[in-house]
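Asks: Here you go, sequence then predicted model.
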Amino acid sequence: MKEVLGHRNINSTLVYTHLVPVDDEAENDHHATAKDEKEAGELIEQAWQYILTTPQGIMMFRKAKKRGE
């Protein structure tokens, strides 16, 4: 996660740990990131759910896994 958010220091990443689900729901999701509006639009068209934009401008998305994935 530290690399996805672009942090050099793990302490910066820990600020976001409250956003990560602790239950089984996290294991049932795919995760994706977008660097710009074009990538974000493509994910949204594919039914990805927007979660947040990091201070570095990286948009994070999730999508439920299909059964058997």
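Replies: Everything's here; your move.

Asks: just checking, T33 touches M59?
Replies: Yes: using Cβ atoms under 8 Å, T33 is in contact with M59, at 6.6 Å. (Glycine included, C-beta is placed from N, CA and C.)

Asks: Relative to I10, how far out is A32?
Replies: 22 Å (Cβ to Cβ, to the nearest Å).

Asks: Neighbour count for those two, which is higher?
Replies: Taking neighbours as other Cβ atoms under 10 Å, A32 and I10 compare with A32 leading, 17 against 9.

Asks: quick one: that one is in a strand?
Replies: Yes: when DSSP: H, G, I helix; E, B strand; the rest coil is applied, A32 is found to be in a strand.

Asks: And what about L52, helix, strand or coil?
Replies: The three-state label for L52, taken from three-state DSSP, comes out as strand.

Asks: if you skip the residues just before and after it, what's nearest to it?
Replies: Take L52 and drop its neighbours on the chain: the residue closest to it by Cβ to Cβ, 6 or more residues apart in numbering is M60, 5.5 Å away.
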